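Peer 1: Mind looking at a prediction? Sequence and model below.
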Amino acid sequence: MASSVLDPWASPGGAGQLLSLLRDGVPRTRSELAVLTGMSRSTVAQRVDALLGSRLIGPAGDAVSTGGRPPTQFAFNPSSGLVLAADLGATHARLGVTDLAGQVLSELFEDIDIADGPEQVLGWVTTTGRTMLEEVATPDQRVVGVGIGLPGPVEHATGRPVRPPIMPGWDGYDVVERLQRDLGPVAVVDNDVNVMALGEHFTTWPTVDHLVFVKVSTGIGSGIISDGQLRRGAQGAAGDLGHMQVSHAEDVPCRCGNTGCLEAVAGAAALLERLRADGVDVRSGRDIAELARSGSVEVVQALREAGRRIGEVLADVVSMLNPSVIVVGGSLARSGEHLLAGVREVVYRRSLPLATQHLRIVPGSTGEHAGIVGAAVMVIEQVLSPVEVDRTVG
Ligand SMILES: [Zn+2]
């Protein structure tokens, strides 16, 4: 992430190492950079010139002089490049354009149907994305890449969806190749929950190395950040909380074919079904949120109980991963504190004190932008990685 810690993978003395230091946004002089990196002054001067040439850094005013001409300071220049980011859901899509610091410059929300298949959906992403980029870009800004989150499992190494249950026609489709063909050299794909985890981590918790992001909406899933890195597992299926088993639900069938899955008892569809059976008029997650805010006792109780069920599974996650922050996001989490209260109740009761001593369980703070920011962050971390900067800038 964009911390000031020197990246151990950067070649010592390279431009990438210098940039990774400057990405914290603090302006520094050549001498300060020499002290911080251990590079010679002449090497620093050379690397600074190369980075100035690429516009990844720019002059940032003069430092206070200790006599004589004040030395120039340099800082990261996030507006030198643009990223197109897409967060695709089953029925909605959000497109955004960000700068190289993940700042959202323009955003668009539209109804789509992911089941229309990759040609049609990615064609729309390309056409609409190009228009958005043209509207935002200044002549000296280059588009560095496109990041995209999909509502199903993705094999990250190849960027191909793997048997996604709600995405007919997408299984094995080469999303990266398609996006590269239309939008430029760098395209990065992951599932929507991992992308949201990256977005929340980058925006709100950049210094936290152990974080679990849980998305609670129609499906339930999580993105795991451990030692500062997103953990995807062997097939990109890590964090699939929705199909872990909860107690006393052996007779509840799940869409995956098993019974007793968390999603089948605590996902939005399960909640809607139960509330309707109790005579509450709800059709969507949005209805649940509205009724919770207006204090409907049935809805508040259902959310709290769903939170307890999620807490059951998260207590095991806490034992396995020992996160310091659990962020709960997704449409049901936006219904107020009730879901979160249920989660906290069970996690703090069931986990060992050592693991929960400093554990915070908090609502998502990036809201609906988390997916866009996370999709952009995947691209930014790739193009600004020290190895890549050394390769392109020298
Ligand atoms: Zn299941």
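Peer 2: Happy to help now that I have it.

Peer 1: Alongside the ion, which residues does this protein contribute?
Peer 2: Proximity of the chain to the ion is assessed by Cβ under 5 Å from the ion, with His243, Cys254, Cys256, Asn258, Cys261 identified as the residues in range. For glycine as for every other residue, the C-beta is placed from the backbone atoms N, C-alpha and C.

Peer 1: Output the residues you listed in a markdown table; the columns should cover neighbour count.
Peer 2: As requested, these are exported to a markdown table (neighbours: other Cβ atoms under 10 Å):
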| residue | neighbour count |
| --- | --- |
| His243 | 20 |
| Cys254 | 19 |
| Cys256 | 13 |
| Asn258 | 12 |
| Cys261 | 26 |
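
Peer 1: what ranges do the helices span in the stretch 251-394 of the chain?
Peer 2: Assignment of helices within the stretch 251-394 of the chain using DSSP state H, counting those that start in this stretch yields the ranges 262-266, 268-277, 285-293, 297-321, 338-350, 353-356, 370-383, 386-392.

Peer 1: The fourth one packs against which elements?
Peer 2: Read it as helix 297-321. The contact analysis (3 or more Cβ pairs under 8 Å, 6 or more residues apart in numbering; DSSP states H and E) places helix 297-321 against strand 211-216, strand 220-226, helix 262-266, helix 268-277, helix 285-293, strand 325-329, helix 338-350, helix 353-356.

Peer 1: ok, now which ones touch Thr203?
Peer 2: In this structure, Thr203 makes contact with Gly102, Ser365, Thr366, His369, Ala370, Val373, judged by Cβ atoms under 8 Å, 6 or more residues apart in numbering.

Peer 1: next one: Ala50
Peer 2: With the criterion set at Cβ under 8 Å, 6+ apart, Ala50 makes contact with Ala15, Val393, Gly394.

Peer 1: Need the buried ones from these selected in PyMOL.
Peer 2: Once 16 or more other Cβ atoms under 10 Å is used to decide burial, the buried members of those can be selected in PyMOL as follows:
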select buried, resi 15+393
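
Peer 1: pLDDT weak spots in this structure?
Peer 2: Low-confidence regions of the chain, defined here as pLDDT under 70, cover residues 1-11, 64-66.

Peer 1: returning to what we had before: okay, the helices of the stretch 251-394 of the chain, which one's buried deepest?
Peer 2: Here the criterion is mean neighbour count by mean count of other Cβ atoms under 10 Å, and of the helices of the stretch 251-394 of the chain the winner is helix 370-383, at a mean of 27.

Peer 1: Name the residues that touch that one?
Peer 2: Contacts of helix 370-383 with the rest of the structure, by Cβ under 8 Å, 6+ apart, involve 1, 81, 83, 85-87, 94-96, 98, 100-102, 104, 107, 144-149, 186, 188, 190, 192, 194-200, 202-203, 329, 364, 366, 388.
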